[in-house]
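> sharing a model prediction with you, sequence too.
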Amino acid sequence: MKLPTVIICPGNGCNNIRQSNWYGELYNILSEKAIPCICQDFPDPLHARRDRWVPFMRSLAEKHSSTDGGAASNVILVGHSSGAQAALRYAEQYKLRGVVLVSATYSDLGDAHERASGYYPQGESNLYQFDKMKSNCKNWIQFHSDDDPFIPLFEAEKIRDGLGLKSDGTDGYNMLPGRSHFFEFDEDILNAVLSLC
């Protein structure tokens, strides 16, 4: 089977994603292993709006598949923070090989800026379509920390429950204590990506 393409979906506020957080390091390691990887700046980096990011991610998947003869569905999304929200919404629409979620949240946490991005449920509207996500992607791995300063653990657990992931480490959900908002490179994330390739 052809190796998948890994698309790194950053958190908001990253103007140069290869120099932000751990994205460049993950890209370099995967590239050294000859695993196709895209680590490219996203449009609208400050606001990370859904109506810009999800189509951009689709264009990356389609562009890469057309140049290497693969399928646009042979993609692994690695989404961190706002990038995790984009990965969830992408999976509602498109088939994927796998998704790695890092520091995902269920709600906008009452933040108007996050609400404006368009990812989060508002009352009974804009609900997550977990059944479509699970139908389009069979392989999910989620990471969260107990000391994330932005996203409480119960928010991540709502995503876990919606996707039907287990919290015993056997099926996708990993609560790793003391990792904050995963600003630093983490071998567990690398190993998760490699396990999906």
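Good, I have the coordinates.

> following element in sequence after the helix or strand encompassing residue 25, please.
Assigned by DSSP states H and E, residue 25 falls within helix 23-32. Heading C-terminal from helix 23-32, the first helix or strand you meet, by DSSP H and E, is strand 37-38.

> middle-most residue in the protein, spatially?
In the chain, the residue lying closest to the centroid (Cα atoms, centre = their mean) is residue 79, at 1.9 Å.

> what sits up against the least confident helix or strand in the chain by mean pLDDT?
None of the helices or strands of the chain scores lower by mean pLDDT, DSSP states H and E than helix 50-68, at a mean of 89. For helix 50-68, the surrounding residues in contact (Cβ atoms under 8 Å, 6 or more residues apart in numbering) are 2, 5, 7, 9, 36, 38, 40, 42-44, 70-75, 77, 82-83, 85-87, 89-90, 93-94, 117-119. The C-beta positions use only the backbone N, C-alpha and C, and glycine is treated the same way.

> ok, now stretch 190-197?
Contact with stretch 190-197 is made by 3-4, 6, 26, 29-30, 33, 35, 76, 78, 97-98, 100, 139, 141, 143, 174, as judged by Cβ under 8 Å, 6+ apart.

> centre of the chain to that stretch, how far?
Relative to its parent chain, stretch 190-197 has a centroid offset of 13 Å by Cα atoms, centre = their mean, to the nearest Å.

> now do stretch 91-111
Relative to the centre of its chain, stretch 91-111 is centred 6 Å away, using Cα atoms, centre = their mean.

> mind checking the end-to-end distance for that stretch?
24 Å (Cα to Cα, to the nearest Å).
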